[in-house]
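**Student:** Give me a model of this one.
(chains A and B)
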Amino acid sequence: MTTFTALLSHYRRHPWQGAALALLMLLATTLWTGIHHLTSEARASLGQSERAVEARHQVQRIDGAVLTVEDFVSLRRQGLCLMPWLEVLPEGESRRVIGVDPLAALCFQRQGDVASFDGQPLRGDPFLDIADAAALPARQSQLFLIVAPNTGVLPEAYRITSFSLAPDTGQLGDSFLLNLDALSVLVLLITGLLLRSVYLLSLSQRRDSFALLNRFGVPVRRVRWHLVAELVCLALLTLIPGILLGQLLANGLAGGFASVMEGLFDSRQFATSGNNWLVPTVVMMALLLLVCAADWLIPDKLRKASVFVIRSGLLALLFIVVGTGGVWLAPNLLWLFVSVALGLAGAGLLMPWCLSALSSRMSRASHQPLRRWWWAEFGVLCRRLALPLVALQLALAMVLAVQALVTTFEATFDHWLGQRLSADYYLEVPTGADAEIAAHWLTQNLPATSGARWHRVLRGQGRIGLDSQSRSVDVFALAPVGSLVTEWDLIEQTEQPWQQLAAGHGVMLNEQLAYRQGLAAGDQIQLELAGQSMSVPVLGIYPDYGRPAGEVLMAGDLLPDDFSVAFESFSISPGSVGIETITEALAGIWQQPALTLRDNRSIRDLANRVFDQTFMLTRAMTLLTLALAAVALLLMGWVFLATRLWYFRLLEVWGLERAAIFLRLLTLALAVSLSAAVLALPVGVGLTWVLVQRINPLAFGWSLPMELYPGFWLELLALALVIGVCIALLMRRQLGRPAVRPSVTGTVTGEER
Amino acid sequence: MTEMLLTVRGLRKSFGSDESAVPVLAELAFKLPAGGSLALMGRSGSGKSTLLNILCGLERPEAGELILFGQDYRRADWQQLRRERIGVVFQEANLMPTLSLLDNVRLRAALAGQPQSRGQHWLDTLDIGELAQRFPDQVSGGQRQRAALAMVFAMAPALILADEPTGSLDRVTADDVADSLFRLQAETGCGLILATHDPELASRCQRTLDLAHRAVDRDAGPPLP
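**Tutor:** Below you'll find the model as predicted:
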């Protein structure tokens, strides 16, 4: 028997405590690794592919048709330096691979301006040999032809455009990943709190053993090193499976994540190598050592001073004030996160202080001794379980905020889609067909009395701003501007915006564009369409959820004659005329055997599916964090209350019925878990506001209305009740067993109150 | 005829399952008159604490007769007896750590249906009145045991069960606490059963029952059956 094995004997005597610590470390590692894995893979995926095509251009067909291998062969034969880039989404996979031809890339290498694939192993992360990529069973595949600059003259049927893997979203994609980083920091914070609480509990339960070893001549320093070694052993046992589970979790959620990236930012996610274990291992080990060695790292004087400041509630108030101010004033996402972290830290410090003050006050005010005891015991529980309680409070607040955000988004998005798709049908204008004649026919044949409504949609590209700072925007032109759009909600507007728009006296901008350009209703903008520049006022700003691109809405009459229309369609609510009559007539006019007609309900269903997928990831992560915090409080509450069992048995010795004792135990456990939930509500509401009004515009370019969902609050309170009941039920089993008398150390140091 | 607080006959108790059961108490018999005192002696594991637990209803005997306050133990309302008539003192940890000494005494009195206002009186009686607002961890071990006695006497018990009440104290402090216990027991006229390893303390009781030999070495009370 050595000192080390003597220390370890604690876990032999209390195997559940050892298992709880191991379980917490495992779950925490899994969760953090999962988030980290997803974020770093997304960054690597985008970075690796962007580097390969940095400042590249691509060849496109003038007629808009998809490129084929024949196009590649024909252009190569004409001596053009081209590299085929085949993006394939394999069956059953969520991330794409890229097929490249290393031999074709040789001409780029000669020009010395492209990353060469020659001699580089193509292992599918994300690059593959193009022949292998083409052979994959694919759900989707698209060929691009990347061309070197100064490549020579192209045949007339082709043109050169810039090649980018994602649209210019003004750093929105990076902001989103930063959002995920912030979530992982919060998870790390919660994990740290939980690990520290379990560690402190095991320390307090072994205080007598440490004192004994000290009396036997074992130096304090050696005991500490043994404790470190014990934790490192435990960490090694749990970290590796935790990291593996985290990678499994990340892979399980990868589909959802790829949809998020694609749905929100039009940014494809490519397969990258999954060998990402070093960072999670180092971070979790560092966290573990930090939470365990915090007492040794902070000098005694500083610790005593900080304990005073923390207990007085001053530090909490300071953090809350500075954090709240920072949230209002933060110029960018990073500062905003720092402010939110300060605010959360303040809320976390304030909770034990509030509960302690409440218990002291209520205990003093109670004239009934048993009630006074109950309040005093409540205070002890809150102080001793402060760390897991704060972890639960933060997790609950996070879940509440994310749930409010997602629910608000779903409701708002649904309402928005309803407005956007207010027409019953959506009819594509076939390539080469004259939409003007169709519009004329509709004007003639759909009288107002029929209840029919329609407009023609013309889409293309334009530029906004002055020469050097101008940026490309989507143009969304309507003709006529009628009742299908005039009921849209506007975020900002000038007087009679729709009438002004219909008259061609200005344009409207989507929120993303307005946010990034700092434009408001009433501002004058410089718009360039088909080489013609015009100065027009902004009549209104409209919400445009889930699109990263900037968009300008205008009347069709405002478009120059030579404006290149990339896509045309009609939105039609046929009224009493009937859609068949209209499609038959238009098919006749355009001399098409059939037209592409879509019921807008199907578009709506599709859009809803994409956004359900988009937020599945966030929901899953927050719920897992909540589960972790709930399990931790359950375990800690159970372990800690077991150390109070003697005092509950004392009540039995004094003649209280066991049922009455259980009732008090139950109310204590419920009060503790409910306190965390109740105090999580204001934090959650604050966090909701920060998410929808501050973080969302910075990360996604659009904001949401602030909505609260008291029904969900009740669900969280019910969850807290369940945790409390579970703790009490676990304790009920213990009440029938012999209680261990509290240690002498505990009764004389005051740590029991 | 002397009124009997307690009559025990043929009491048996063992621990463990049928085959590996370890008998702790076997065919035990004794009586305690009102106001009498009995010391239980015996080595560790001889069943002193088990007997005290049985006498306050926290454990059940396997067989035998136990008449307490003239009532068979099977029909007794043990919660009520512990609340109002039987006071228990352990070697240590008798107090709620979250309450002051005074609040501990008031809590015990309230549970027994006795006036809480007498709490300070009992602390004064036990010479720790000035410590009333202190918490258990802020006073010495001897003072904690005095507070435990104050709690017991505040409930006006008919019987006190004390399990090595001075076991963790030094000789001088132990003597002081024992003095207080016997003085107040005599003043209030309650019965006292005291488990101890200390022959000197045991000698202050009217009778001693050695559980190891099941022998009564001094018989100042009524004869055993």
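
**Student:** C-alpha only now, for contacts and for neighbours.
**Tutor:** Will do.

**Student:** Mind telling me what element residue 28 is part of?
**Tutor:** No chain was given, so I picked chain A. Following DSSP states H and E, one finds A:Ala28 within helix A:15-52.

**Student:** meant chain B, my bad for not saying
**Tutor:** Per DSSP H and E: strand B:22-33 holds B:Leu28.

**Student:** Listing partners with orientation, what would you give for that strand?
**Tutor:** strand B:4-15 (antiparallel) (DSSP bridges).

**Student:** residues touching the residue lying closest to A:Pro280 once chain neighbours are set aside, list them.
**Tutor:** Among residues not flanking A:Pro280 along the chain, A:Thr33 sits closest, at 5.7 Å (Cα to Cα, 6 or more residues apart in numbering or on different chains). When contacts are counted by Cα atoms under 8 Å, 6 or more residues apart in numbering or on different chains, A:Thr33 touches A:242-243, A:246-247, A:250, A:280.

**Student:** centre of the chain versus the helix holding A:Ala28, how much separation?
**Tutor:** 15 Å (Cα atoms, centre = their mean, to the nearest Å).

**Student:** what do you get for stretch A:214-225?
**Tutor:** Relative to the mean C-alpha coordinate of its chain, stretch A:214-225 is positioned 47 Å out (Cα atoms, centre = their mean).

**Student:** Over to stretch B:172-187?
**Tutor:** Mean-position distance between stretch B:172-187 and its chain equals 13 Å (Cα atoms, centre = their mean).

**Student:** in it, what counts as buried?
**Tutor:** Across stretch B:172-187, burial judged by 16 or more other Cα atoms under 10 Å in any protein chain shown covers B:173-175, B:177-178, B:180-181, B:184-185.

**Student:** check contacts around the residue nearest to B:Gly45 when sequence neighbours are not counted.
**Tutor:** Computed as Cα to Cα, 6+ apart, the closest residue to B:Gly45 that is not its neighbour in sequence is B:Val24, at 7.6 Å. Going by Cα under 8 Å, 6+ apart, B:Val24 touches B:12-15, B:45-47.

**Student:** quick revisit: give me the subset of the buried residues of stretch B:172-187 that lies in helices.
**Tutor:** B:173-175, B:177-178, B:180-181, B:184-185 (DSSP state H).

**Student:** Which of the three states applies to the residue nearest the centre of chain B?
**Tutor:** When Cα atoms, centre = their mean is applied to chain B, the residue found nearest the centroid is B:Leu161 (1.1 Å). Classification of B:Leu161 using DSSP: H, G, I helix; E, B strand; the rest coil returns strand.

**Student:** Can you give me the distance of it to chain A?
**Tutor:** Computed as Cα to the nearest Cα, to the nearest Å, the B:Leu161 to chain A distance reads 11 Å.

**Student:** okay but that residue is in contact with B:Thr196, surely?
**Tutor:** No - applying Cα atoms under 8 Å as the test, B:Leu161 and B:Thr196 come out as separate, 11.3 Å apart.

**Student:** got any ranges where chain B has weak pLDDT?
**Tutor:** For chain B, applying pLDDT under 70 flags the ranges B:1-2, B:18, B:213-225.

**Student:** near chain A, which residues of it?
**Tutor:** Listed as neighbours of chain A in chain B under the rule Cα under 8 Å from any Cα of the partner chain: B:56, B:58, B:78-84, B:87-88, B:93-94, B:96-99, B:103-104, B:106-108, B:110-111, B:136-138.

**Student:** Tell me the spacing between A:Phe413 and A:Ala699.
**Tutor:** Distance, A:Phe413 to A:Ala699, using Cα to Cα, to the nearest Å: 17 Å.

**Student:** Save the buried residues of stretch B:172-187 as TSV, and put in distance to B:Met41 too.
**Tutor:** Formatted as TSV, the buried residues of stretch B:172-187 follow (distance: Cα to Cα, whole Å):
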residue	distance to B:Met41
B:Thr173	21
B:Ala174	17
B:Asp175	18
B:Val177	19
B:Ala178	16
B:Ser180	21
B:Leu181	18
B:Leu184	22
B:Gln185	20
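
**Student:** Okay then, goodbye and thanks.
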